[in-house]
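A.B. asks: The following comprises the amino acid sequence and a computationally predicted model.
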Amino acid sequence: MAIFTVHFPPTASGQPASPEKIVFLRDGFSWPALIFGPFWLAWRRAWLVAVLWTLLLAALALIAWKLRVSREAMSWLTLALAVWLGFEGERLVGWNLARRGYVERDLVIGEDLDEAEAAFFYRHRPGQIGNEDAFRGPAP
């Protein structure tokens with residue numbers, strides 16, 4: 001089972017959020033983030049984070065070249081950064097969403113994204129007593 005955070009898009013006050021715009025992020029390690037790094041971030045539309053990550057890698061390469069750091073040491077450092085991105089990549093995407101006005105509103109558990117979405121939308125189905133405002137944005 002995996003835990004997914006649910007992020008609601010920014011909405012006008014009192015307007016319900018469009019279900020298509022709600023974003024689910026899986027907590028946990030991401031193999032694609034480890035392997036593809038900034039390309040994975042760009043694919044996830046975290047443009048600023050992808051650019052900053054690329055600049056970090058370029059700066060480290062330049063510093064290592066200036067200081068004549070061994071290739072082996074640079075390989076280990078690059079691997080360590082890739083592993084860190086594998087663990088924290090989804091949180092960086094979440095930070096990027098928050099920067100764009102999204103609000104983390106819920107947690108759901110599921111085997112995969114489809115099951116998590118089904119659980120979330122079942123729990124917050126419109127017309128259910130006490131959940132009429134399930135898709136509304138944050139309170140003013």
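C.D. replies: Ah, there it is. Numbering: from 1, shown residues only.
A.B. asks: C-alpha from now on. contacts and neighbour counts both.
C.D. replies: Will do.
A.B. asks: where in the protein is pLDDT low?
C.D. replies: Applying pLDDT under 70 to the chain flags residues 14, 127-140.
A.B. asks: which residues of it fall in strands?
C.D. replies: 2-8, 23-26, 103-110 (DSSP state E).
A.B. asks: would you turn those into CSV with mean neighbour count?
C.D. replies: Output for the strands of the chain, formatted as CSV (neighbours: other Cα atoms under 10 Å):
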stretch, mean neighbour count
strand 2-8, 21
strand 23-26, 20
strand 103-110, 17
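A.B. asks: Distance to residue 68 added to these, as JSON lines?
C.D. replies: As requested, the strands of the chain are exported to JSON lines (distance: least, Cα to Cα, whole Å):
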{"stretch": "strand 2-8", "distance to residue 68": "43"}
{"stretch": "strand 23-26", "distance to residue 68": "39"}
{"stretch": "strand 103-110", "distance to residue 68": "44"}
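A.B. asks: do you know which of those lies nearest residue 80?
C.D. replies: strand 23-26 (21.4 Å; Cα to Cα).
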